[in-house]
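**Student:** Following is a predicted model, sequence given first.
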Amino acid sequence: MNNNIPAISLRTWGVSDVGRVRNNNEDSYLMVDLTTGTLLTQEVPTPSPGFLLMVADGMGGHQAGEVASRMAVEAVSQHVSLSLSGSRFPSRRRFVEILREAIIEANTAIYDVSHADEARQGMGTTLTAAGVYDGAAFFAQVGDSRAYVLRTNTVARMTEDQNLATKLAAAGTEPLDQSTVAPYQNVLLQALGAEPQVTVPVSFLELRRGDWIVVCSDGLTNFVGDEEIRDTLWQAENPQVACHTLVETANARGGRDNITVIAAYCNGPSLSAPRENEPLDAQAFVHPWWYRFVRFLGY
């Protein structure tokens, strides 16, 4: 445990829009100050040792997708906030473990509801969470909602879409005709609530002063490219303007899906300035064998 986790000043904003075609909004998002458990609802800079930014994209008829996505963000927020309550803060390894535990528990809860209530049968949701903690951002993902970081004039994805298109591309067997890619993009490899177990990959990046974090649903990224996201953030006066501009762009191109985006600007004296030629690549967070063994023994 560590009492000296540095505080980061975060300016945040989030928007969720039904789009131009659908009747219901099945997306959900939450922005939480982990030290107090309170929701971040304003763009005022908030200093804290820990934040959690989450977007979930639900699926399922009879408004079940709305239920699944809301269950996901609320369950994860509650678990992580309670685990971090008090004046002492865990190591990075334990923080990642808590985040994974929270998402796995949310999966179980959604799966159980979907099998106990016929009206909720088949419901599920993506979930992408950015945990800002100890000067770094930790990105946990199930599904294809994305997270990005913008540093100076470079934007990079912090997550990898968990869908069939990405799997085929990695195997070198993606469709040659790009017009046929969309159906593969819509086939998720996993989602919360779909199966009894779920795998939660986590990546991390050391934050620098002036970094932007974006977490969003595919209702944005299916219509707005990475470079456009970069340019919007670069030109935006603040996170509120960035979010609304991105949503407006997606809607102007048809708005055929729900659109949700969180933008956060990172600042504060605890963060170092960007370093020249520093790579903007998220690294997989893997617990060393001895840590997994110690946790297995119950320590």
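**Tutor:** Great, that's in hand.
**Student:** my guess is Met123 meets Arg70, correct?
**Tutor:** No - assessed by Cβ atoms under 8 Å, Met123 is found out of contact with Arg70, at 10.9 Å. Where C-beta positions appear, they are placed from N, C-alpha and C, glycine not excepted.
**Student:** Now the common contact residues for these two.
**Tutor:** Gly58 (Cβ atoms under 8 Å, 6 or more residues apart in numbering).
**Student:** more neighbours, the two?
**Tutor:** Remark: of Met123 and Arg70, Met123 carries more neighbours, 29 against 18, as counted by other Cβ atoms under 10 Å.
**Student:** For that one, grab phi and psi.
**Tutor:** phi -80, psi 150 (degrees, to the nearest 10).
**Student:** Tell me which helix or strand comes right after the longest helix along the chain.
**Tutor:** Secondary structure of the chain per DSSP state H: the longest helix is helix 92-116. Downstream of helix 92-116, the next assigned helix or strand under DSSP states H and E is strand 124-125.
**Student:** and that next one, what does it pack onto?
**Tutor:** If contacts are counted by 3 or more Cβ pairs under 8 Å, 6 or more residues apart in numbering; DSSP states H and E, strand 124-125 sits against strand 50-59, helix 64-83, helix 92-116.
**Student:** list the buried ones in the longest helix of the chain?
**Tutor:** Across helix 92-116, burial judged by 16 or more other Cβ atoms under 10 Å covers 92, 94-100, 102-104, 106-111, 113-114.
**Student:** What number of residues are in the vicinity of Val80?
**Tutor:** 25.
**Student:** got a list of what it touches?
**Tutor:** Here Val80 is in contact with 32, 34, 52, 98-99, 102, 131 (Cβ under 8 Å, 6+ apart).
**Student:** hmm, try it at 7 Å
**Tutor:** 34, 52, 98-99, 102 (Cβ atoms under 7 Å, 6 or more residues apart in numbering).
**Student:** just Phe138 next, same as before
**Tutor:** By Cβ under 7 Å, 6+ apart, the contact set of Phe138 is 95-96, 99, 131, 202, 204, 285.
**Student:** Okay then, goodbye and thanks.
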